[in-house]
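Engineer: 3D model of this:
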Amino acid sequence: MDASLPVDYVPELRKQPPWLMEEMVAAEPSLVAPIFAATGPAGRIAALVKKTAREKSPIVVTGCGTSETAAMAVADLLAQAIMRNGTGFPMVHARQALEASEDPWPGGLCLGISHEGSTRATILAMQAARGVGAATILITPREGSPAVAIADAVFVTPLIDRSWCHTAGYLSPILAGAAIAHAVDGSVIDARGLEVALQETLAGASQVASVARALHGVERLVTVGSGPDRSPARELALKIEEGVWLPARMLDLETILHGHLAACDERTGLVLMATGGDDRVLARARMMVGAARRVGVRVSAIVSRAVDRSLSDLDLERVALSESLEPYGLVGRFAGTALALQQLTLALSRLAGTNPDLIRRQQEPYREAARVAETSTSW
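Structural biologist: Take a look at the predicted model:
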């Protein structure tokens, strides 16, 4: 599979597993080496990032759907790199593409993420940014896509998703963002070691299956995260809706404790995303788990090994990421949670009997809804 796939590619309709999504997830560890080997694009984009930071101008990272949740992670990676580099205070913001197109921030840098390279809202955001003096960057696997024409620099990732329940479409731009971030702060990453750590994460399927069984049968699902865990928590909510066809939403760790539990009960499932955080954040997570359980919510978690040890006294179904991810810092957390949340989506999909690949568009009403929402360019 390569960039020769047409923009209007429709996934193969399979009648039973293995789904295309499973094949994409299995291929993800192999993305690490080629993306971190792309030192040319990473270096050129890093130079623009550093210039923008020195000028104290804004850096906007934008996209739609899975690309939007990836934009949140990329923004965190760039902000951390700018702080480490000492270039300046990082004014890096993840923005939803339509909002960015309506209210572009003058000057600075706009980094668009688009898996197809043809998402209209993202193109509009980049055009609007360019119109007010911003440089534009694109991360995409589609080298000849329309968005490339309005980008000052392009980072082409190596794998195009064959499933519409995008997985490589989430991890690829995060790895590209990490490659750019390492070029910004001058650090070096052991790409082979990260690839092995991700392979170990994929091997943790038994924990994933246990969490899926604990959540199976709920009528809605809430995902919760704080800080950098907000991006994977939000992506999990999107995957659950796309692949399992179950209502889901993401809430910040503190936010859920301010009124939202009133709508939760034993029909609600909750997944806490916790791969870092100081003692205060972990203490608040404990309170959240206790409060949610008190009203009957089925609580589970995706955690780092360090957090797993901190929560070991809780009777909590959880997926613990490979300890070998910890030396890789923020990108290790993002990459590990990406694989874990994708595996959990697949496990829930199997239990629910859904095919995630076409995000329900094999059914006529949903196919028509997509046509209504996506075919017009008059807006």
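Engineer: tell me which helix or strand Met126 sits in.
Structural biologist: When elements are assigned from DSSP states H and E, Met126 belongs to helix 120-131.
Engineer: got a list of contacts for that helix?
Structural biologist: By C-beta atoms under 8 Å, 6 or more residues apart in numbering, the list of residues contacting helix 120-131 from outside reads 60, 62-64, 67, 95, 97-98, 100-102, 104-105, 108, 110, 112-114, 136, 138, 146-147, 150-151, 377, 379. C-beta coordinates here come from the backbone N, C-alpha and C atoms, glycine included.
Engineer: ok, now how distant is the residue of the chain positioned farthest from its centre from Leu282?
Structural biologist: Farthest-out residue of the chain from its mean C-alpha position, per C-alpha atoms, centre = their mean: Arg294, at 30.4 Å. When C-beta to C-beta, to the nearest Å is the yardstick, Arg294 and Leu282 sit 19 Å from each other.
Engineer: next one: His216
Structural biologist: As for His216, its distance to Leu282 is 28 Å (criterion: C-beta to C-beta).
Engineer: next one: Ala301
Structural biologist: With the distance defined as C-beta to C-beta, Ala301 ends up 12 Å from Leu282.
Engineer: tally of neighbours for Tyr9?
Structural biologist: Residue crowding around Tyr9 was assessed by other C-beta atoms under 10 Å; the count is 14.
Engineer: hang on, it in a helix?
Structural biologist: No. According to DSSP: H, G, I helix; E, B strand; the rest coil, Tyr9 belongs to no helix; its state is coil.
Engineer: from the middle of its chain, how far away would stretch 188-202 be?
Structural biologist: 18 Å (C-alpha atoms, centre = their mean, to the nearest Å).
Engineer: got it, and stretch 122-138?
Structural biologist: 22 Å.
Engineer: same deal with stretch 350-362?
Structural biologist: On the basis of C-alpha atoms, centre = their mean, stretch 350-362 sits 20 Å off its chain's mean C-alpha point.
Engineer: buried set for that stretch?
Structural biologist: Of the residues in stretch 350-362, those scored as buried under the neighbour-count criterion (16 or more other C-beta atoms under 10 Å) are 350, 352, 354-361.
Engineer: which of those lies closest to Ala262?
Structural biologist: Ala262 has its nearest neighbour among the buried residues of stretch 350-362 in Ala352, at 26.6 Å by C-beta to C-beta.
Engineer: excluding sequence neighbours, find me the nearest residue to that closest one.
Structural biologist: Once its chain neighbours are removed from consideration, Ala352 has its nearest residue in Val244; the separation is 5.2 Å (C-beta to C-beta, 6 or more residues apart in numbering).
Engineer: contacting residues around that neighbour?
Structural biologist: For Val244, the contacting residues are 345, 348-349, 352, 354, 356, by C-beta under 8 Å, 6+ apart.
Engineer: how about it, phi and psi?
Structural biologist: Torsion angles at Val244 (phi, psi; degrees, to the nearest 10) stand at phi -110, psi -20.
Engineer: how near is it to Gln207?
Structural biologist: Using C-beta to C-beta, one obtains 18 Å as the distance from Val244 to Gln207.
Engineer: then Asp103?
Structural biologist: Taken as C-beta to C-beta, the span from Asp103 to Gln207 is 43 Å.
Engineer: who's more crowded, the two?
Structural biologist: Neighbours of Asp103 and Gln207, each counted by other C-beta under 10 Å, are more numerous for Gln207; the result is 18 against 10.
Engineer: low-scoring stretches of the stretch 1-150 of the chain, by residue?
Structural biologist: Where the stretch 1-150 of the chain drops to pLDDT under 70, the residues are 1-8.
Engineer: how about the helices in it?
Structural biologist: Assignment of helices within the stretch 1-150 of the chain using DSSP state H, counting those that start in this stretch yields the ranges 20-27, 32-36, 39-54, 66-85, 97-102, 120-131.
Engineer: nearest to Ala369, out of these?
Structural biologist: Here helix 120-131 is closest among the helices of the stretch 1-150 of the chain (C-beta to C-beta), at 16.6 Å.
Engineer: what about Thr377, neighbour count?
Structural biologist: Around Thr377 there are 8 residues (other C-beta under 10 Å).
Engineer: how does the protein divide up, domain by domain?
Structural biologist: Residue ranges of the domains in the chain are recorded as 20-189, 194-352, according to automatic domain parsing.
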